[in-house]
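Colleague: Any chance you can model this:
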Amino acid sequence: MPKLKSDVVDSPVATVGVSDVEQIVQKAVEAAVTVVRNEFEKRFQDMNARLQSLEDKLETFCETTEQRQAESQSTVLRDELVRLSTELETARKDARDAIVAANDAEQYNRRNNLRIRGLSVQRDDNCRHKVVEFIRTNLNLVLNEDDIEAAHTLPSRKRAPGSAAQPATSRGEVEPTIIVRFRNRDLRDKIIRNRRNLKGTNRAIVDDLTSLNVQLMNRLRNHPLVSKVWSWNGRVTALTNSGHVIHVKPFQTVQDCLVS
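Modeller: Here you go, the predicted structure:
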């Protein structure tokens, strides 16, 4: 009797070995790990991007804050500078006002004084007698030595550049200036009104000005807008090239006087 084939057919599972299963599992695990790794890398990159964005925002915020602080400090410094400049200008004005007030007081104390320039006095001469004779002869006025409270010469010196014109000797030195203090102011004013009789001579009679007022007159004489300068009773007056008569005090400018 012939041998029959078995009715049982080999199953595929039955033909898969243990090693094949391990390979399949390993591939599945590797695939899963790759997916998880890619997902983590993507999330890590997203986190890095967010962190970088936050860092950029923080840096911008810090820079803005520093800039604002710097601007704030700059504003504070600028305000402080303005305040100090204002205080300094106020202090300068107060100091000038005080100097002008003191100058006016000193000039007022000289209201009875005159200076005679170009009158030579010898060492043994009586200065008051010399002044009386000079006024009688040149101004045709009557006065006595008792009308003069004091008279004395000031030291000779060379003329400073830009200073008021003064009679000079052949050696280039200014002749002694005599300062005279009269007992009566009316007499003093009468003498200075008659000083025009000395025009064309090397003699002159002028106010006894303070040092500050002398500097003022010299400054005005050198000013391009001023054509003439004179003083009367310690008050300095200037005539501008445009014909304006202005009264000028120390520290004042010609332009300020013209505006006022």
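
Colleague: Which strand residues bridge residue 232?
Modeller: Taking DSSP bridges, one obtains residue 235 as the residues bridged to residue 232.

Colleague: Where does pLDDT dip in the stretch 101-250 of the chain?
Modeller: Judged by pLDDT under 70, the stretch 101-250 of the chain has its weakly predicted residues at 156-175.

Colleague: As a check, name the ranges of all helices in it.
Modeller: Along the stretch 101-250 of the chain, the stretches classed as helices by DSSP state H, counting those that start in this stretch are 127-139, 185-193, 211-221.

Colleague: buried set for the second one?
Modeller: Along helix 185-193, the positions that meet the burial threshold by neighbour count (16 or more other Cβ atoms under 10 Å) are 187, 188, 189, 191, 192. (Each C-beta comes from the backbone N, C-alpha and C, glycine too.)

Colleague: quick one: contacts of it?
Modeller: For helix 185-193, contacts defined as Cβ atoms under 8 Å, 6 or more residues apart in numbering pick out 111-114, 135, 139, 141, 143, 147, 182, 205, 207, 232-233.

Colleague: Give me the buried subset of these.
Modeller: Among the contacts of helix 185-193, those buried by neighbour count (16+ other Cβ under 10 Å) are 112, 113, 114, 135, 139, 141, 143, 147, 182, 205, 207.

Colleague: residues touching the closest residue to residue 149 other than its chain neighbours, list them.
Modeller: With sequence-adjacent residues excluded and distances taken as Cβ to Cβ, 6 or more residues apart in numbering, residue 149 is closest to residue 181, at 4.5 Å. The contact partners of residue 181, by Cβ under 8 Å, 6+ apart, come to 112, 113, 148, 149, 150, 151.

Colleague: Same list (these) but as CSV, adding distance to residue 71.
Modeller: Formatted as CSV, the contacts of residue 181 follow (distance: Cβ to Cβ, whole Å):
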residue, distance to residue 71
112, 64
113, 62
148, 73
149, 69
150, 68
151, 70
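
Colleague: which among those residues gets closest to residue 72?
Modeller: Distances from residue 72 to the contacts of residue 181, taken as Cβ to Cβ, are shortest for residue 113 (61.2 Å).

Colleague: returning to what we had before: quick check, nearest of the buried residues of helix 185-193 to residue 46?
Modeller: residue 192 (101.7 Å).

Colleague: how close does the closest one sit to residue 83?
Modeller: 49 Å (Cβ to Cβ, to the nearest Å).
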